[in-house]
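S.K.: Sequence and predicted structure are below.
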Amino acid sequence: MEKMKAQYTGLILVSGEDRPGITEALFETLAPFSLSIIDIEQVVIRSRLILTILIALDPAHADAVESDLNEKAASLDLDVAMVFSEQEGESIAAKTGLTHVVVLSQDLKPGSLAAIASVIADTGGNIERIHRTASFPVTAIECVVSGAQTQELKNALTPLAAQYSVDIAVSPGGLMRWAKKLVLMDVDSTLISQEVIELLGAKAGVVEKVKGITNRAMAGEIDFEESLRERVALLKGLPESVLEEVRAEISLTPGAKTLVSTLQKLGHTVAVVSGGFIDVIEPLLKSLDIAHYRANTLEISQGVLTGGLVGPIVDRAAKAQALRDFAVIEKVEIEQTVAIGDGANDLDMIALAGLGIAFNAKPAVRAAADSALSAPYLDSVLYLLGISREDVEESGKGK
């Protein structure tokens, strides 16, 4: 894209106590002049207004514009500053190749933002805009960056996440950021707070044995199918009635319901794939209106768990295949898929997805994912997709 030709511009900065009518009064002051609005940004923080306006105008009108604005600002008890110059008239709206950097933290410190800004500058990037997308339950800040290669910037920013205890997500801008998506989630310790196999193990009095095998499997130390069959064998003899008991003990991860309902209202599809058991989680998934799901099936004979499984095992490769299959069903390109998980069993689907997110995950999974979330709120995923907390609250008003 060719840059716009040089033109005489005026940058106007207005600040002061916010109240109704200010924006109207300022633009009414500019209306009599023959000028054009190139760019504009307004924000209100703690009842304080900051408004910036970039205009193109005839140099002969600069003094009159400045005089009229100063007079209007004084009558409104506002501060105003103006800079006039001849320069390129390009605004952020005309720029392409923008990258979005989202920073999330439960306690955001200045030092972390300083380090992030330094890395952006070192990679040749320029921060065009910064805005807050959420203040609860985490603070989410989004920077729109020009002039940087997305992958290079991601590689440079990744080490800062652990150093400053923040989550950093880097993604390309453009129209496809808002296209229909398929979001595929793991269940245990992702959609729900518990590990179902451990709840069942507690019923059989073997929970510590089960936990030990689970930890080794999730860390990738042993084959998932082998570990699953070993754990299920420990459940042999449990009455089928314990499944209902375990269903009652399951609780959604904080923010899970908000994530699912918001994505569904925006036209995205939420699906689930689990190395756990469909016998336990299916009622929960139906209550969330999740239509696409896969999980393992416990073998039950004469009302008792046999210690075996029925059908194919949902392992690491099967999870990635589920992502492919659900994407075909929903007519979504694989680049427009999102995979969320926490363990080694999720690595293939995280690598395959257009955006792989590690949620409170093991180190190996965090290292492999495009983005990692450490705060215990699943709806933080929305901020990585460019959805603000205000959008979330607005979408919930129709309930």
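M.R.: On my side now, so go ahead. Numbers count the residues shown, from 1 in each chain.
S.K.: how about the helices of the stretch 101-250 of the chain, start to end?
M.R.: Taking DSSP state H, counting those that start in this stretch, the helices of the stretch 101-250 of the chain run over residues 110-122, 150-164, 196-204, 207-218, 224-233, 242-249.
S.K.: helix or strand right after the last one?
M.R.: Pointing back at helix 242-249 there. Using DSSP states H and E, the next helix or strand after helix 242-249 towards the C-terminus is helix 256-265.
S.K.: Let me know which of the helices of the stretch 101-250 of the chain is tucked in deepest.
M.R.: Of those, the one with the most neighbours on average (mean count of other C-beta atoms under 10 Å) is helix 196-204, at a mean of 21. (C-beta placed from N, C-alpha, C; glycine too.)
S.K.: could I have it exported to CSV, CA atoms only?
M.R.: The C-alpha trace of helix 196-204 is given here as CSV (Å, rounded to 0.1, in the frame of the first residue of the first chain):
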residue,chain,number,x,y,z
VAL,A,196,-12.5,-37.6,37.2
ILE,A,197,-10.2,-40.6,37.4
GLU,A,198,-9.0,-39.4,40.8
LEU,A,199,-12.6,-39.0,42.1
LEU,A,200,-13.3,-42.5,41.0
GLY,A,201,-10.1,-43.7,42.6
ALA,A,202,-11.2,-42.2,45.9
LYS,A,203,-14.4,-44.3,45.7
ALA,A,204,-12.2,-47.4,45.3
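S.K.: by contact count, what packs against it?
M.R.: helix 207-218, helix 224-233, helix 242-249, strand 269-277, helix 278-287 (3 or more C-beta pairs under 8 Å, 6 or more residues apart in numbering; DSSP states H and E).
S.K.: The same query, at a cut-off of 7 Å, please.
M.R.: With contacts taken as 3 or more C-beta pairs under 7 Å, 6 or more residues apart in numbering; DSSP states H and E, helix 196-204 sits against helix 207-218, helix 242-249, strand 269-277.
S.K.: relative orientation of it and helix 278-287 in degrees?
M.R.: Here the directions of helix 196-204 and helix 278-287 differ by 130 degrees (axes from the mean of the first three to the mean of the last three C-alpha atoms, to 10 degrees).
S.K.: Could you list the low-pLDDT ranges of this structure?
M.R.: 1-6, 88-96, 218, 397-399 (pLDDT under 70).
S.K.: ok so, going back, and the helices of the stretch 101-250 of the chain as JSON lines, adding distance to Pro32?
M.R.: Shown next, in JSON lines, are the helices of the stretch 101-250 of the chain (distance: least, C-beta to C-beta, whole Å):
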{"stretch": "helix 110-122", "distance to Pro32": "40"}
{"stretch": "helix 150-164", "distance to Pro32": "44"}
{"stretch": "helix 196-204", "distance to Pro32": "69"}
{"stretch": "helix 207-218", "distance to Pro32": "68"}
{"stretch": "helix 224-233", "distance to Pro32": "72"}
{"stretch": "helix 242-249", "distance to Pro32": "69"}
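S.K.: Which one of these lies nearest to Gly275?
M.R.: Of all the helices of the stretch 101-250 of the chain, helix 224-233 sits nearest to Gly275, with 6.5 Å by C-beta to C-beta.
S.K.: outside of the closest one, which residues touch it?
M.R.: With contacts defined as C-beta atoms under 7 Å, 6 or more residues apart in numbering, helix 224-233 is touched by 197, 210, 213-214, 216-217, 275, 296, 298, 307-309, 313, 315-316, 345.
S.K.: Now the two most distant members of these.
M.R.: Among the contacts of helix 224-233, the pair separated by the greatest distance (C-beta to C-beta) is Gly307 and Arg316, at 22.8 Å.
S.K.: and stretch 23-36, how far from the chain's centre?
M.R.: Centroid displacement of stretch 23-36 relative to its chain, using C-alpha atoms, centre = their mean, to the nearest Å, is 38 Å.
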